[in-house]
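>>> Coordinates only, no sequence provided:
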């Protein structure tokens, strides 16, 4: 067989292999889509996104990437492009490798005047649960009045209890978690007796939540 004939034979074999690979890949893709749904784009954090730091265009290019996953595995509220994240800030630190969800981001607000305690009240800083609800929709709750609800753990065979430990309390400051394992903290303007009750409740393992008053 001449060199030219061998070259043509090798070229034909290569084209046949490429065609076979394309057919197999297409069939595999169709099989995956039939089992788990069509592939859809989702935004993933390539590197850690710190809490409270707005995502700038330059940072989005380096820290975010679009991946395609079956619809069955895409979490609700997952962003689909970096444009949806630019200008918004994580309410809590987003670890590298995590899907980026709309609910995780808030719209930064311009600095507000610092609220101060008055009328014989004193500032008290506490760990609080559910801080995300207070900043939902980009709201800035500092200076608002809140009800302080304490949930106490239940005993064996008993139901837990929850009650309003302080009503119409001014929220002086609210801080998002700074890192993994951290929680929200709030600074409240309370009376001495309210402060003692809340400190005692938290020391006893009670969970404290804040409810914005209408």
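Now that the structure is in, tell me what you want to look at. Small disclaimer: the values here were computed from a predicted structure and weren't measured. Residues are numbered from 1 along each chain as shown.
>>> Secondary structure element for residue 200, which one?
helix 192-203 (DSSP states H and E).
>>> what about residue 39, how many residues close to it?
For residue 39, the neighbour count with other C-beta atoms under 10 Å is 16. Quick note: C-beta positions are derived from backbone N, CA and C, even for glycine.
>>> what's the distance between it and residue 84?
18 Å (C-beta to C-beta, to the nearest Å).
>>> neighbouring contacts of stretch 205-214?
Here stretch 205-214 makes contact (C-beta atoms under 8 Å, 6 or more residues apart in numbering) with 126-131, 134, 141, 144-153, 165, 168, 171, 186, 198, 201-202.
>>> Return the distance of the helix holding residue 200 from the chain's centre.
Distance of helix 192-203 from the chain centroid (C-alpha atoms, centre = their mean, to the nearest Å) equals 30 Å.
>>> the strands in the protein, which residues?
39-45, 64-70, 89-90, 105-106, 122-128, 145-152, 161-175, 184-190, 207-212 (DSSP state E).
>>> which residues touch the spatially most central residue of the chain?
Most central in the chain under C-alpha atoms, centre = their mean is residue 104, positioned 2.8 Å from the mean C-alpha point. With contact taken as C-beta under 8 Å, 6+ apart, residue 104 is in contact with 90, 91, 92, 94.
>>> sorry, back to before: which neighbouring elements make contact with the helix holding residue 200?
When contacts are defined as 3 or more C-beta pairs under 8 Å, 6 or more residues apart in numbering; DSSP states H and E, helix 192-203 packs onto strand 122-128, strand 145-152, strand 161-175, strand 207-212.
>>> With that, I have no additional questions.
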